[in-house]
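Novice: missing the sequence, but the structure's below:
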């Protein structure tokens, strides 16, 4: 049961110099100060997570995206994995599905589970951001062609927010999805609005993972406890890159130029490499102008809320 908030703690924010916190503009900071009773809002640095740090994060309301380089979270790895482990009933339900439908082959043989996560959705229309790019299926296929022959009895699991769009591209590998194997939430959990959870859970159990530039699947890598599991991520410059989820940035950000013309050229280049000509045309004539208008509206709303 969710209780009503009884006490409001003073606000602090994560280090504004980190790319993940680039949304902490002056306008947004004014809004936070306003919600903090007009009081100053201190910034906390990564050393706050050092077990030997003198900084004590107690009775404060931390604002941020919580996407610091994971080397800073690594001392707390076991605590984080235990804290965010599914409750026993849910773990037992989905774990049984995984073992019976993915880990075990049709003849009882043990299979190597290869998981893919392809995020499209909103990433198709936020190309002007430092992180919003859609790794195309061709990158995953090139990667699969290399790694598939090296695996013992591999089986392919695919998760995506547009599964019908991407699944047919992997037909040569006989892919399966959560729906195909009956991985759904137990009846007692169905009212929680967490229909995406079975996908996330299956990713946490895979032996090999290739993910998008998304905290959804990156967090699945962090919570994955499979021995010798390997993790790869789509990179806007280098295609599929192997990563250590406990020694990496949760989200890849590209450098943003202060020169508007240069930045537009960089954005269009990433768009062409990830979405092709059609993606460039759609973004130039609709998504990028809409993104600009939305930014102006958001600034106006934040300004109004501080009055």
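Specialist: Yep, it's here. Computed from a prediction, not measured in an experiment: that's the story for all the values here.
Novice: when you work out contacts or count neighbours from here on, use the C-alpha atoms and nothing else.
Specialist: Will do.
Novice: next, give phi and psi for residue 4.
Specialist: phi -70, psi 140 (degrees, to the nearest 10).
Novice: repeat for the one 10 residues further on
Specialist: For residue 14, the backbone dihedrals (degrees, to the nearest 10) come out as phi -70, psi 160.
Novice: residue 79 too?
Specialist: With angles defined as degrees, to the nearest 10, residue 79 sits at phi -60, psi -40.
Novice: distance of it relative to residue 222?
Specialist: Distance, residue 79 to residue 222, using Cα to Cα, to the nearest Å: 12 Å.
Novice: more neighbours: which of the two?
Specialist: Between residue 79 and residue 222, residue 222 has the larger neighbour count (other Cα atoms under 10 Å), namely 19 against 12.
Novice: contacting residues for the more buried one?
Specialist: By Cα atoms under 8 Å, 6 or more residues apart in numbering, the residues touching residue 222 are 81, 245-246.
Novice: tell me the most packed of the residues you listed, by neighbour count.
Specialist: residue 245 (23 neighbours).
Novice: surely it is in contact with residue 231?
Specialist: Yes: contact criterion Cα atoms under 8 Å: residue 245 and residue 231 qualify, at 7.5 Å.
Novice: so for this protein, the centremost residue is which one?
Specialist: residue 215 (1.5 Å; Cα atoms, centre = their mean).
Novice: measure the residue nearest to that residue when sequence neighbours are not counted to residue 240 for me?
Specialist: Spatial nearest neighbour of residue 215, excluding adjacent residues (Cα to Cα, 6 or more residues apart in numbering): residue 250 at 6.3 Å. With distances taken as Cα to Cα, residue 250 is found 15 Å from residue 240.
Novice: likewise residue 201?
Specialist: 22 Å.
Novice: those two: who's more crowded?
Specialist: For residue 201 versus residue 240, the count of surrounding residues by other Cα under 10 Å is larger for residue 201: 23 against 20.
Novice: so what's residue 19 closest to, chain neighbours aside?
Specialist: residue 253 (6.9 Å).
Novice: for residue 108, grab the count of nearby residues.
Specialist: For residue 108, using other Cα under 10 Å, the count is 9.
Novice: distance of residue 147 from residue 167?
Specialist: Residue 147 is 19 Å from residue 167, by Cα to Cα.
Novice: the more surrounded of these two?
Specialist: residue 167 (19 against 13).
Novice: in this structure residue 216 contacts residue 200, no?
Specialist: Yes: the pair residue 216 / residue 200 is scored as a contact, 7.3 Å apart, by Cα under 8 Å.
Novice: tell me the buried residues in the helix or strand encompassing residue 142?
Specialist: Per DSSP states H and E: residue 142 is located in helix 137-147. Buried residues in helix 137-147, counted by 16 or more other Cα atoms under 10 Å: 140, 143-144.
Novice: so what secondary structure elements neighbour that helix?
Specialist: strand 239-243 (3 or more Cα pairs under 8 Å, 6 or more residues apart in numbering; DSSP states H and E).
Novice: mind listing the helices for the stretch 201-307 of the chain?
Specialist: With DSSP state H, counting those that start in this stretch as the criterion, the stretch 201-307 of the chain has helices at 215-223, 260-282, 288-305.
Novice: of those, which stretch is the most buried?
Specialist: helix 215-223 (a mean of 21; mean count of other Cα atoms under 10 Å).
Novice: so where's this protein uncertain?
Specialist: The chain contains residues with pLDDT under 70 at 1-2, 307.
Novice: which residues touch the residue located most distally from the centre of the chain?
Specialist: Distance from the centre of the chain peaks at residue 107, with 35.1 Å (Cα atoms, centre = their mean). Residues counted as contacts of residue 107 (Cα under 8 Å, 6+ apart): none.
Novice: quick check: it vs residue 241, distance?
Specialist: 34 Å.
Novice: try residue 138
Specialist: The spacing between residue 138 and residue 241, counted by Cα to Cα, is 14 Å.
Novice: I'd assumed residue 231 was in contact with residue 242.
Specialist: Yes: the pair residue 242 / residue 231 is scored as a contact, 5.7 Å apart, by Cα under 8 Å.
Novice: which of the two has more neighbours?
Specialist: residue 231 (23 against 13).
Novice: for the nearest residue to that one once chain neighbours are set aside, the count of nearby residues, please.
Specialist: Nearest residue to residue 231 in three dimensions, chain neighbours excluded: residue 209, at 4.8 Å (Cα to Cα, 6+ apart). Neighbours of residue 209 under the rule other Cα under 10 Å: 27.
Novice: ok, residue 209 touching residue 116?
Specialist: Yes: with contact defined as Cα under 8 Å, residue 209 reaches residue 116; the gap is 5.9 Å.
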